[in-house]
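> structure of the sequence below:
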Amino acid sequence: MVIALIAAGGKGKRFGREGGKQYFLINGKPVLYFTLKSFIESEEVDYVLPVINEEDTLRFREVIKSLQKGTEKVLGPVYAGMERVNTVHNGLKHLKNTFGNSFYDSIILIHDGARPFISKNLINRVVFATREFGACVPVVPIPDTLKEISGGKVVKTLDREKIRAVQTPQGFLGKMILSCYDSIDDKNEYFFTDDASLVEHFGYEVFVVDGEKTNIKITYPEDEIFANFYVKKLEEGI
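The predicted structure is shown next:
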């Protein structure tokens, strides 16, 4: 079984729009519409669990209505926590309660709700690699020169050939990712910037597959330009 957990509880403060970036309209449809649609239409994904802010329930219901097809795959929603780590943990616990022991051997894809342009091919790559290795993340090269800085000056230049930008969905076996989240539940260790860094912290190996440059996370106002342009190109059949 493959389940996509969509973390859609962010407030989108950097995006600077009321309602959060996951409900921002791209060519007339919310960002979350495109995100959910990709996973619903994937033949590899059995269920999709959105984790949303409680105050966004009505907005979320409108998104589901607009999807029309495939919504039988959608579970929940589950409500988000104070931080992303709480949000994902809430979703994982719900899945364990829903599926029981079947959850442990399932593949869990954790994806940013504000990352709307995930392709079916990338979903497949992450699923296949997770099935083989137990933990997998998509990565893309960084074209810019990277500097480590401290106190307003450069400390050293980093070797960009050894560095990659990490995307989502990040794939894990259910028993692995839930045990990691359960282990930090009472410790307030909220310094993990993604799910893979948590898994790495507990000694698991995380493997990589090629990500996609178009798999952007809507974060800043200028991302609106690319998002609208890309949706129009998709409609034109590029």
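
> so K233 lies in a helix, does it not?
Yes: K233 sits within a helix when classified using DSSP: H, G, I helix; E, B strand; the rest coil.

> which residues of the protein fall in helices?
31-40, 57-67, 84-99, 120-133, 174-184, 195-201, 223-235 (DSSP state H).

> JSON lines for those, including mean neighbour count, mean pLDDT and distance to I110?
C-beta here means a position set from N, CA and C on the backbone, and glycine is covered the same way. Output for the helices of the chain, formatted as JSON lines (neighbours: other C-beta atoms under 10 Å; pLDDT from 0 to 100; distance: least, C-beta to C-beta, whole Å):
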{"stretch": "helix 31-40", "mean neighbour count": "24", "mean pLDDT": "95", "distance to I110": "11"}
{"stretch": "helix 57-67", "mean neighbour count": "15", "mean pLDDT": "93", "distance to I110": "18"}
{"stretch": "helix 84-99", "mean neighbour count": "20", "mean pLDDT": "95", "distance to I110": "6"}
{"stretch": "helix 120-133", "mean neighbour count": "18", "mean pLDDT": "97", "distance to I110": "10"}
{"stretch": "helix 174-184", "mean neighbour count": "18", "mean pLDDT": "94", "distance to I110": "7"}
{"stretch": "helix 195-201", "mean neighbour count": "20", "mean pLDDT": "94", "distance to I110": "5"}
{"stretch": "helix 223-235", "mean neighbour count": "14", "mean pLDDT": "81", "distance to I110": "21"}
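
> between these, which one is closest to V51.
For V51, the closest of the helices of the chain is helix 84-99, at 4.3 Å, according to C-beta to C-beta.

> what's the angle between that closest one and helix 174-184?
Comparing the axes of helix 84-99 and helix 174-184 via axes from the mean of the first three to the mean of the last three C-alpha atoms, to 10 degrees yields an angle of 130 degrees.

> give me the contact list for helix 84-99.
1, 3, 5, 7, 9-10, 49, 51, 75-76, 78-81, 103, 106, 108, 110, 174, 177-178, 181-182, 184-185, 190, 192, 195, 198 (C-beta atoms under 8 Å, 6 or more residues apart in numbering).

> before we move on, what about stretch 28-42?
4, 6, 8, 21-26, 45, 48, 50, 59-60, 62-64, 66-67, 69-71, 73-74, 109, 111-120, 123-124, 218, 227, 231.

> which ones among these lie within strands?
4, 6, 8, 25-26, 48, 50, 109, 111-112 (DSSP state E).

> and the two most separated of these?
L25 and L109 (25.3 Å).

> looking at these two, which one has more neighbours?
Between L25 and L109, counting by other C-beta atoms under 10 Å, L109 is the more crowded of the two (25 against 14).

> now the helices of the chain in TSV, with distance to L158?
Compiled in TSV, the helices of the chain are given as follows (distance: least, C-beta to C-beta, whole Å):
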stretch	distance to L158
helix 31-40	31
helix 57-67	40
helix 84-99	26
helix 120-133	26
helix 174-184	27
helix 195-201	18
helix 223-235	25
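
> quick one: closest of those helices to D159.
Nearest of the helices of the chain (C-beta to C-beta): helix 195-201, 19.7 Å.

> helices and strands around the closest one, which ones?
On a contact count with 3 or more C-beta pairs under 8 Å, 6 or more residues apart in numbering; DSSP states H and E, helix 195-201 meets strand 135-141, strand 170-173, helix 174-184.

> ok, and what's touching stretch 57-74?
With C-beta under 8 Å, 6+ apart, stretch 57-74 has contacts from 8, 19, 23, 29-30, 32-33, 36-37, 39-41, 45-50, 52, 77.
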